[in-house]
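S.K.: My questions concern the predicted model and sequence given below.
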Amino acid sequence: MTKDAKAFAEQWVRPEIRALSAYHVQDASGFVKLDAMENPFTWPDALRDEWAELIKHTNVNRYPDPHAQTLTKQIAKNMGVPEGMRVMLGNGSDELIQMIAMSLSGDNRAVMSVEPSFVMYRMIATFCDMQYVGVNLDTNDFSLDTAAMLTAIKEHNPAVIFLAYPNNPTTNLFDADGIKQIIEAAEGLVVVDEAYAPFTDESFMPLLGQYPNLVVMRTVSKMGLAGLRLGLLAGPAEWLNEFDKVRLPYNINVLTQASADFALKHQATFDEQTQLLRKERDRVIEGLSQLSGVKVYPSDANFILMRTPEGKARPWFEALKAKGILIKNLDGGHPMLIDCLRPTIGTPDENDAFLSAMREIAA
Ligand SMILES: *Cc1c(COP(=O)(O)O)cnc(C)c1O
């Protein structure tokens, strides 16, 4: 053979895939972990014991329920999915984004979102060979530029528009009337991604059914079950029945079905935790706002977007790391996020450690 593996791969792997870098996750071992919007709280012992007992009697020799019926009913109830709407589950909402894109891809089909936003919209558009159109948010406050969106919709006629509500990484809720105008103007599907629903009172879930092209996506990751990998899509059956055809059989495994169903039957525990995180969020914002030269954006999520004085994002990120605290450095990613850092809200003790480290570093 004269051709080596590299030459083979270069011949066949699509150029746009070769040009990507794989989704990078920083090594967090040993750190106070404030980098990934996880719920920092574990479960009370009594709940853990009950769960362990349940898992003990869960059989992994059989395939899971392909439609995860018990879990689907429970999750629809907990998340207030309106009567008459269909629900489908994904292995994380990332998988749902992928199913939507796979179903809608084709020549000259575009995925649209705002910039900066959740990077998976763009990445999955690329995986599925779709064009990606990103419309910039307002540079001052990251609010939705509705007029620019409406113009871009006319120009590109996107097959699907993803709007994270609240948005990641800018932490804000977009103007609901602006979103409604977008839904009304769009000829394609609009996905309102409510990954951070536990941290805000606003939602498009109650509006499902009022628009033929609106679906709502949620996940259990940010409420405290990131390790289970479970997301849901709710909306009209006419859309979801089609997406369900590209869903791989048994995409929600036995352990996730049993564990998530169990956890959602104890929703009160998670609500207590997320309510406490909302209070802590206000406290961390207050603390960071007192640092001179630091701009803190208002947050409706369980993380914060802050802008350091010029050129300080990387050194501050490294200084925090040296103190054993891991956050996310956004500088060097999107041009609108220059000098920006993104800490996740942790336990009260972790937040104290973060704030006191920040006070030392910024001094
Ligand atoms: C974290 C996040 C997701 C991904 O959630 P998973 O269910 O863990 O895949 C989706 N959308 C946004 C905006 C997020 O921030």
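M.R.: Thanks, I have the structure now.
S.K.: what about the strands in the stretch 51-200 of the chain?
M.R.: 86-90, 110-115, 131-136, 160-164, 189-193 (DSSP state E, counting those that start in this stretch).
S.K.: Close to the ligand: what parts of this protein are there?
M.R.: Proximity of the chain to the ligand (Cβ under 6 Å from any ligand atom) is limited to residues 37, 92-94, 118, 164, 168, 193, 195, 219, 221, 226, 231. Yep, even glycine has a C-beta here, placed from its N, CA and C like the rest.
S.K.: May I see the ChimeraX selection of the buried members of the residues you listed?
M.R.: The following ChimeraX line selects those of the residues of the chain next to the ligand that are buried, judged by 16 or more other Cβ atoms under 10 Å:
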select :37,92,93,94,118,164,168,193,195,219,221,226,231
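S.K.: Which of the residues of the chain next to the ligand fall within helices?
M.R.: Members of the residues of the chain next to the ligand lying in helices (criterion: DSSP state H): 93, 94.
S.K.: Quick check: the farthest pair among the residues of the chain next to the ligand?
M.R.: 164 and 226 (16.6 Å; Cβ to Cβ).
S.K.: Which parts of the stretch 51-200 of the chain are helices?
M.R.: 69-78, 93-104, 119-127, 146-156, 176-185 (DSSP state H, counting those that start in this stretch).
S.K.: Can you tell me which helices and strands the helix-or-strand element of the chain with minimal mean pLDDT packs against?
M.R.: Taking mean pLDDT, DSSP states H and E as the measure, helix 15-18 is the helix or strand of the chain with the lowest mean score, a mean of 92. Under the contact criterion of 3 or more Cβ pairs under 8 Å, 6 or more residues apart in numbering; DSSP states H and E, the helices and strands touching helix 15-18 comprise helix 119-127.
S.K.: And for residue 186, the neighbour number?
M.R.: Neighbour count of residue 186, defined by other Cβ atoms under 10 Å: 21.
S.K.: So for it, what pLDDT did the model give?
M.R.: Looking at residue 186, its pLDDT stands at 98.
S.K.: distance of it from the ligand?
M.R.: Using Cβ to the nearest ligand atom, to the nearest Å, residue 186 is found at 19 Å from the ligand.
S.K.: Kindly report the same for residue 267.
M.R.: Using Cβ to the nearest ligand atom, residue 267 is found at 17 Å from the ligand.
S.K.: mind pulling up the phi and psi values for that residue?
M.R.: Dihedral pair for residue 267: phi -50, psi -30, per degrees, to the nearest 10.
S.K.: Can you give me the distance of the closest residue to residue 338 other than its chain neighbours to residue 111?
M.R.: Among residues not flanking residue 338 along the chain, residue 331 sits closest, at 5.8 Å (Cβ to Cβ, 6 or more residues apart in numbering). Distance of residue 331 to residue 111, computed by Cβ to Cβ, to the nearest Å: 26 Å.
S.K.: the more surrounded of these two?
M.R.: Neighbour totals were compared for residue 331 and residue 111, and residue 111 leads with 28 against 18 (other Cβ under 10 Å).
S.K.: Double-check the more buried one against residue 163; I have them as touching.
M.R.: No: counting by Cβ atoms under 8 Å, residue 111 sits too far from residue 163 to count as a contact (11.8 Å).
S.K.: The residue nearest to residue 336 when sequence neighbours are not counted: how many residues sit nearby?
M.R.: Computed as Cβ to Cβ, 6+ apart, the closest residue to residue 336 that is not its neighbour in sequence is residue 116, at 5.5 Å. For residue 116, the neighbour count with other Cβ under 10 Å is 22.
S.K.: any idea which residue sits dead centre in the protein?
M.R.: Taking Cα atoms, centre = their mean, the centroid of the chain lies closest to residue 195, which sits 4.8 Å from it.
S.K.: got the phi/psi numbers for it?
M.R.: According to degrees, to the nearest 10, residue 195 has phi -60, psi -30.
S.K.: Just the CA trace of stretch 282-292, in CSV.
M.R.: Presented in CSV, the C-alpha positions along stretch 282-292 are these (Å, rounded to 0.1, in the frame of the first residue of the first chain):
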residue,chain,number,x,y,z
ASP,A,282,-27.6,37.9,42.5
ARG,A,283,-25.0,37.8,45.2
VAL,A,284,-22.2,36.9,42.8
ILE,A,285,-23.3,39.7,40.4
GLU,A,286,-23.3,42.1,43.3
GLY,A,287,-19.8,41.0,44.3
LEU,A,288,-18.4,41.2,40.8
SER,A,289,-20.0,44.6,40.2
GLN,A,290,-17.9,46.1,43.0
LEU,A,291,-14.6,45.2,41.2
SER,A,292,-13.3,48.3,39.4
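S.K.: Tell me how many other residues surround residue 59.
M.R.: 8.
S.K.: Kindly report the same for residue 351.
M.R.: 22.
S.K.: Remind me which helix or strand it belongs to.
M.R.: In the assignment (DSSP states H and E), residue 351 maps to helix 348-362.
S.K.: ok, and what's touching that helix?
M.R.: In this structure, residues lying in contact with helix 348-362 by Cβ atoms under 8 Å, 6 or more residues apart in numbering are 32, 34, 40, 276, 280, 283-284, 287-288, 291-294, 316, 319-320, 323, 325, 327, 343, 345-346.
S.K.: picking that back up, go through the helices of the stretch 51-200 of the chain and pick out the most buried.
M.R.: With neighbours taken as mean count of other Cβ atoms under 10 Å, the helices of the stretch 51-200 of the chain reach their highest mean count in helix 93-104, at a mean of 22.
S.K.: any idea of the angle that helix forms with helix 119-127?
M.R.: Counting by axes from the mean of the first three to the mean of the last three Cα atoms, to 10 degrees, helix 93-104 points 40 degrees away from the direction of helix 119-127.
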